Structures are given as C-alpha cells and as structure tokens.
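Sequence plus predicted model, see below.
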Amino acid sequence: MLRVIILGAAAGGGLPQWNCACPVCQAAREGSRVSPQTQSSIAVSADGAHWVLINASPDIRQQFASTPALQPKHYPRSSPLSAVVLTNADVDHTAGLLSLRESQAFPVYATRRVQRMLAGNAIFNVLNQELVARRQLVLDTPQAVLDANGRDTGVRVEAFTIPGKVALWLEDLGAANFGSVPEDTIGLALSAEGSHSRLFYLPGCAALPDDIKARLAPQDSLLFDGTTFTEDEMIACGVGHKTASRMGHLPMSGEGGAIALWQDVPLQRKLFIHINNTNPVLLADSPERAFIDAAGWQLARDGMEFCVE
Ligand code: MLT
Ligand code: MN
Ligand code: ZN
C-alpha cells in the first residue's frame with residue numbers, strides 16, 4: 001500500500017499569488033469559498049516511516065512544518081525524508097531543494113536533462129554532493145527508490161516522458177517549442193513494492209497521446225495537471241497574456257481538454273493538482289466546480305491524504 005500526502009495543490013506562485021487580485025486570490029485572502037494552497041508537491045511512502053518527496057516546492061518549509069509525518073523523530077538531526085524525485089526543472093518544483101540544506105543525506109532522482117540543469121546552476125551546490133547524491137531516473141522501467149545509503153524505501157517509480165515544455169526560466173525563445181526536449185517533462189507511476197495499483201503523477205502535461213492513457217489500469221489512481229479550466233483563462237481574467245498550451249498545460253475543459261481526454265479511461269480515482277490561482281474550480285460554489293464533480297474528478301488540496309492499495 002502506498003501512502004500519499006498532498007503537500008501542495010497549487011500551481012507556480014501558489015494561492016493567493018503575491019501580487020494577484022483576481023477573484024479567486026481575493027476569496028483565498030478572505031478565507032471564504034477557498035483556502036490558501038501551497039505550490040505543488042506530494043510525498044509518498046510504502047511503510048509510513050520513509051518518505052519520498054515528489055518535487056521540491058518553494059513552500060517546502062511550510063509544507064514540512066504542517067506535516068507531522070515529515071518531521072524529525074530522533075535527536076539531534078534526522079528526517080523521514082529518504083529521497084526526492086523531480087518531474088521537471090520548473091521553479092515551483094526545484095526551488096525547494098535550496099531549503100533542504102543542513103547536512104541531511106538523501107538522493108535526488110531526475111532525468112539526465114534535469115540533472116544537467118541542476119549541475120549547471122551553482123546555487124544547487126548548497127546541497128553538499130557528498131550527502132546529496134544526484135541519481136538518474138531510468139525511463140520506462142520500474143525502479144526501486146533507494147535512500148542515501150542504498151536501502152530500499154519500498155517505493156517503486158517508473159518514469160516516462162510526456163508532452164510538455166522546458167522550464168520557463170530555461171526557455172530558448174528562438175527555438176521550436178522553446179528548445180524543449182522529451183526529458184524535460186516526465187510522468188511518474190508510483191507504487192509500493194508488491195502492490196498492483198499505482199499512482200500516476202503528471203502535474204504538468206501539454207497533450208495526452210493514447211500511449212500515455214494505455215499505461216493506466218482500472219485499479220490505478222491519477223493526479224493530473226489542473227492548471228487552468230479554459231485555454232485562455234489567464235487572458236480572460238486580465239492577469240496574464242499566455243494560454244494554457246503556451247505554458248505547457250492542458251486545460252480541464254473543452255473538446256481537447258483533460259476531462260474529455262481522460263473520460264474513456266476507467267480509474268480508481270482522478271484528481272487535479274497544480275491548480276492555478278485563476279482557476280474557477282477552486283471556488284466551492286462555482287459552476288466549474290460542479291462541472292468537474294459531475295465528471296468524476298476531485299480537486300487535490302493541501303494536507304489531503306489517501307492510500308493506493
Ligand atoms: C508552469 O507550471 O507553467 C511553471 O511552473 C510556470 C512558472 O515557472 O512560473
Ligand atoms: Mn508549475
Ligand atoms: Zn489570482
């Protein structure tokens with residue numbers, strides 16, 4: 001059985017976003033109809049004692065502070081954190097690494113491409129590489145997640161490339177798809193050793209080809225990119241000029257949206273995560289929320305926990 005904790009359900013910038021006065025951010029500030037949410041990250045464990053962090057959010061300090069399972073149990077220093085796995089190099093998924101200094105040993109798993117980004121940015125050397133090993137994710141093969149000492153955490157991960165975009169801060173404006181290559185964005189199939197059901201984690205995904213859908217079986221659970229409800233939501237809200245696809249995300253609604261594309265895939269549960277501050281589904285009483293409810297989708301929220309049997 002894999003235990004799952006949603007540490008952060010929001011997209012980059014969180015909810016509310018520091019300089020945004022859109023209706024959803026204002027509702028979050030007032031604490032009415034929606035609670036504030038931190039930037040996307042989850043933790044998974046096969047034994048409840050050793051935890052694997054999937055993506056390191058800029059809000060990691062607050063997330064660990066509000067999650068007893070991730071807090072030290074043994075004097076003077078210790079951590080239930082056994083390893084970190086990255087799905088891309090986005091700032092909302094990597095900046096939290098900088099807060100994991102203080103001489104703790106854990107490995108960071110990522111694709112070769114994302115590892116090259118970490119290696120190319122000296123600031124990540126705040127993580128002493130004698131303690132924090134950088135390990136390469138194998139693609140398309142289930143792999144045991146090992147802690148810093150090579151002990152098996154019991155968590156299995158299978159990484160696979162999915163349509164996406166290079167991190168915003170690494171975009172090459174002169175190149176096709178901003179210089180993105182397949183290993184920039186991956187999805188993960190996570191499970192506990194010996195268990196048959198898996199959690200698919202795809203917090204950023206730009207398209208949904210059939211071969212991705214074919215990976216999932218009815219007993220599996222899905223946490224999927226829920227950045228925006230509509231393709232032009234940020235433009236319509238007046239808070240930005242980019243469409244969902246320009247940012248490497250699939251909107252929830254519409255003919256080519258996530259709800260329509262996942263409709264024919266039976267699953268144990270379907271949740272949206274990485275939800276942008278502008279997304280009206282965040283408001284509990286909105287018609288958009290009613291729409292995703294009726295379609296059988298849940299919204300991840302900070303502090304939510306579930307098990308994948
Ligand atoms: C995204 O998911 O599109 C990025 O996190 C955007 C960003 O870097 O702010
Ligand atoms: Mn993001
Ligand atoms: Zn806002």
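All right, it came through fine. Residues are numbered from 1 along each chain as shown. Ligands and ions are numbered 1, 2, ... in the order given.

middle-most residue in this protein, spatially?
Closest residue to the average C-alpha location of the chain: residue 203 at 4.3 Å, with CA atoms, centre = their mean.

I figured that one hits residue 87, correct?
Yes. Here residue 203 lies in contact with residue 87, judged by CB atoms under 8 Å, at a distance of 6.2 Å. For the C-beta atoms, the positions are set from N, CA and C on the backbone; glycine is no exception.

list residues touching both of these two?
Shared contacts of residue 203 and residue 87 (CB atoms under 8 Å, 6 or more residues apart in numbering): 55, 93.

Residues of the stretch 151-300 of the chain that sit close to ligand 1?
Contacts of the stretch 151-300 of the chain with ligand 1, taken as CB under 6 Å from any ligand atom, map to 168, 204, 247-248.

show me the residues around the residue in the stretch 151-300 of the chain that ligand 3 sits nearest to that make contact.
Residue of the stretch 151-300 of the chain nearest ligand 3, by CB to the ion: residue 277 (3.8 Å). Residues counted as contacts of residue 277 (CB under 8 Å, 6+ apart) are 10-11, 13-17, 20, 22, 24-25, 28.

what residues does the stretch 1-150 of the chain put near ligand 1?
Contact residues, the stretch 1-150 of the chain versus ligand 1 (CB under 6 Å from any ligand atom): 11-12, 90-92.

got JSON lines for those, with neighbour count, secondary structure and pLDDT too?
Shown next, in JSON lines, are those (neighbours: other CB atoms under 10 Å; DSSP: H, G, I helix; E, B strand; the rest coil; pLDDT from 0 to 100):
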{"residue": "11", "neighbour count": "28", "secondary structure": "coil", "pLDDT": "98"}
{"residue": "12", "neighbour count": "21", "secondary structure": "coil", "pLDDT": "98"}
{"residue": "90", "neighbour count": "29", "secondary structure": "coil", "pLDDT": "98"}
{"residue": "91", "neighbour count": "16", "secondary structure": "helix", "pLDDT": "98"}
{"residue": "92", "neighbour count": "27", "secondary structure": "helix", "pLDDT": "98"}
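
and of these, the nearest to residue 131?
residue 91 (23.4 Å; CB to CB).

Can you tell me how far residue 143 is from ligand 3?
Distance of residue 143 to ligand 3, given as CB to the ion, to the nearest Å: 38 Å.

For that residue, list each beta-bridge partner.
Under DSSP bridges, the beta-bridge partners of residue 143 are residue 157.

Mind pulling up the pLDDT for it?
What the model reports for residue 143 is a pLDDT of 97.

again with residue 309
For residue 309, the model assigns a pLDDT of 89.
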